[in-house]
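J.: What would the 3D arrangement of this be:
(chains A and B)
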Amino acid sequence: MPEIFEKPRGFHDALPALARLYRTLEDMWRSLYMGYGYEEVMTPTLEYAETIGQLTAVKNGRLLKLFDADGHLLVFRPEMTTPIARMVSAELKHKKPPLRLMYTASVYRRQPEAPTHHAAWTQVGVERIGDADLSSDAEILFLSLESLKRAGVRDVHLVLSDARLLPIVLDQVFPDSNTKTTVLDHLRARNLAEVRRLIATLPMAGPCRTALSYVLYPLSLNASTLGGTTSSMALPVEKSKDMMTFDDVRAALVACAGEKVSRPLQTMHRISTMITPLLADSYTMSVDLGLIADQEYYTGLFFEGYVLKSGVPVVRGGRYDTLLAHFGRPLPATGFALDMERVAPYTTVEHPVRPPYRLTYRPDQFSEAIKRAEALQEQGYTVLLESEADPC
Amino acid sequence: MLTLAVPKGRVLPEALNLLKQIGWPIPDDITASRRLIFDLDNGQRLILAKPVDVPVYVQYGVADLGVVGKDVLLEERADVYELLDLGIGRCRLALAAPQAYVSHLKPNREMLRVATKYPRLARQFFAERGEQVEIVALSGSIELAPLLGLAERIVDIVSTGQTLRENGLVELETISEITSRLIASRTGYRFKQDHILRLVHALEALQGGVRVDL
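T.: Below you'll find the model as predicted:
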């Protein structure tokens, strides 16, 4: 039996100062997204295990479940993208794409590994549905970085990848699917030591060994590695002869896997040159072709954003062009989600302090007191109403 | 610049030796001192931590890098990058039994009892063999458990096998070979990528063997 003050494992209270910070952040982000035409939506806390529970990219073992009164297995929503995909295919079926939607919502997951971790937290995010073009990917990247910048977060690093590239290269190098699976498993487990060993020892063509070695060497993105964008040198870096550039990566991958990899890389390059001039001070970006997303439902460009010493990503996003088809409305889509409680410790937002005003009144003059209180609030006070008849 | 967590105890001298070989200025008193944080003259910082805690400091991102045994990595399943097999701290995770119970159980007991510091790995090992066992998790001196009749098997790390022999235990099977690994936090790997890759290269060059170059 729990102690009277105990909460279920992984659930937390937010005391006034923290709750105020959370609301301030939500409001700030909401107005940022609304300014770019995103409309807020809300979905139920509970969903059917057979629908959202099946289609979500969150692993089954991480879902929080319960039975409803009719014996249906339900899940607490583990993320918002899948419920929104359902909404777009049902209630919003007749709304013409593109749809720009945003949300701020609690999401729930089992945390079997670490008892102190959160089982519920707030995700703030946007989904842009119906657009497959470069500009929608760029906007999503920009908004996720801008969200952190407006919240006063410093020392941010964003890692870009494209879900199409690694499978193309691995298919080329290892026609035998077992080896390919082994490499992917090691990358998923972030065991680069083992991937290094495999690349060095498995038989493969020379150009492919070079291409695969880029998996182990993430590329910093800046004016000098991207080349040709000297108009706004956000990061003046002296180009040394052994410094690898985006072109080197492209050349190596094409030499191994052919022209198939060209287009995704070209898109990534264009988006990078669109985004890097807008990077705030202390913000950096890189490309890591060996990055595997924590949830593997991306079909194109995807990314993870970190804050120095945050340990894990605080923002994740990317293109997911196949999810909506499961609900019968095939549409391309891209979006991102910020984990608010993870970002909060690194934010520096100001909330105006309203000085308190203690207003005492006689019980028979309550209406007058309220009028007076409203006038004071308009002058910027916080009004504490106290009746004169109160014994204290 | 880089914060590196190294494990106190058995592997520490070997780890420090590797760092010395790549030119890190390691103070001589480091193993004798009781200090836990050392700021080196080359700007790097060393943290001395209990081996099992190394992946914790790294996973939370307060240390960029760590040196830790593969046994700890497998048991703790930390969410970190494993960058390099350092080839030090070589030992093995093994199954051992007291001489008297090598081939049979204690009478009237339906399940083997297995004492270990590695409950997850032990459970996985027996599950893969389809054997039901009772895992008794201990935090040290595992050899004591069979001597006192608490367990008929132990799963523990063995390097020379001397401790086992002195306690009348027989090594039955190697579960996996263990060496120490260089690990990186997910954030450290992103923010300090160049420094980390340079360190990986330097350590790799020491080994002379497997090497992936651009």
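J.: Number of residues surrounding residue A:6?
T.: When neighbours are defined as other C-beta atoms under 10 Å in any protein chain shown, residue A:6 has 9 of them. Where you see a C-beta, it was placed from the backbone N, CA and C, and this is true even at glycine.
J.: er, residue B:65 I mean
T.: 29.
J.: My read is that it contacts residue B:57, right?
T.: No. With contact defined as C-beta atoms under 8 Å, residue B:65 does not count as touching residue B:57 (9.8 Å).
J.: what sits in contact with each of those two?
T.: Shared contacts of residue B:65 and residue B:57, defined by C-beta atoms under 8 Å, 6 or more residues apart in numbering or on different chains, are found at residue B:5.
J.: What segments of chain B are strands?
T.: For chain B, strands defined by DSSP state E occupy the ranges B:3-7, B:37-39, B:45-49, B:65-69, B:81-85, B:91-98, B:112-116, B:133-137, B:153-158, B:169-178, B:180-184.
J.: So which of those is nearest residue A:282?
T.: Residue A:282 sits nearest to strand B:3-7 of all the strands of chain B, at 18.7 Å, using C-beta to C-beta.
J.: Output the below-cut-off pLDDT ranges for the stretch 251-392 of chain A.
T.: Residue ranges of the stretch 251-392 of chain A with pLDDT under 70: A:389-392.
J.: Can you tell me which residues in it are near chain B?
T.: Selection of the stretch 251-392 of chain A residues close to chain B by C-beta under 8 Å from any C-beta of the partner chain yields A:284, A:286, A:306-313.
J.: Kindly reformat those as JSON lines containing neighbour count.
T.: Output for these, formatted as JSON lines (neighbours: other C-beta atoms under 10 Å in any protein chain shown):
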{"residue": "A:284", "neighbour count": "20"}
{"residue": "A:286", "neighbour count": "21"}
{"residue": "A:306", "neighbour count": "25"}
{"residue": "A:307", "neighbour count": "24"}
{"residue": "A:308", "neighbour count": "18"}
{"residue": "A:309", "neighbour count": "18"}
{"residue": "A:310", "neighbour count": "23"}
{"residue": "A:311", "neighbour count": "19"}
{"residue": "A:312", "neighbour count": "18"}
{"residue": "A:313", "neighbour count": "23"}
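J.: Among these, which ones are in strands?
T.: A:284, A:286, A:306-307.
J.: quick check, nearest of these to residue A:249?
T.: Closest to residue A:249 out of these is residue A:286 (11.3 Å), distances taken as C-beta to C-beta.
J.: got the contact list for the closest residue to that closest one other than its chain neighbours?
T.: Spatial nearest neighbour of residue A:286, chain neighbours left out: residue A:218 (4.7 Å); criterion: C-beta to C-beta, 6 or more residues apart in numbering or on different chains. Counting by C-beta under 8 Å, 6+ apart, residue A:218 touches A:159, A:286-288, A:290, B:190, B:193.
J.: By neighbour count, which of the residues you listed wins?
T.: Most neighbours among those, by other C-beta under 10 Å: residue B:190, with 26 neighbours.
J.: Residue ranges of each domain in chain B, please.
T.: The record's domain parsing of chain B by automatic domain parsing lists B:3-89+B:179-207, B:91-178.
J.: Indicate which one of those is closest to chain A.
T.: domain B:3-89+B:179-207 (3.5 Å; C-beta to the nearest C-beta).
J.: ends of the closest one, how far apart?
T.: Domain B:3-89+B:179-207 stretches 23 Å from its first residue to its last (C-alpha to C-alpha, to the nearest Å).
J.: Would you map the helices across the chain?
T.: Because you didn't say which chain, this covers chain A. Along chain A, the segments classed as helices by DSSP state H run A:16-35, A:52-55, A:81-89, A:134-150, A:165-173, A:177-188, A:192-201, A:206-213, A:223-226, A:246-257, A:262-275, A:340-343, A:366-378.
J.: wrong one, chain B
T.: B:12-21, B:54-59, B:70-76, B:119-128, B:144-147, B:162-166, B:186-191, B:193-207.
J.: For chain B, what lies in contact range of chain A?
T.: Counting by C-beta under 8 Å from any C-beta, chain B sits next to chain A at B:59-62, B:77, B:79-85, B:181-182, B:185-187, B:190-191, B:193-194, B:197, B:210-214.
J.: hmm, which of those are the buried ones?
T.: B:59-62, B:79-85, B:181-182, B:185-187, B:190-191, B:193, B:197, B:210, B:212 (16 or more other C-beta atoms under 10 Å in any protein chain shown).
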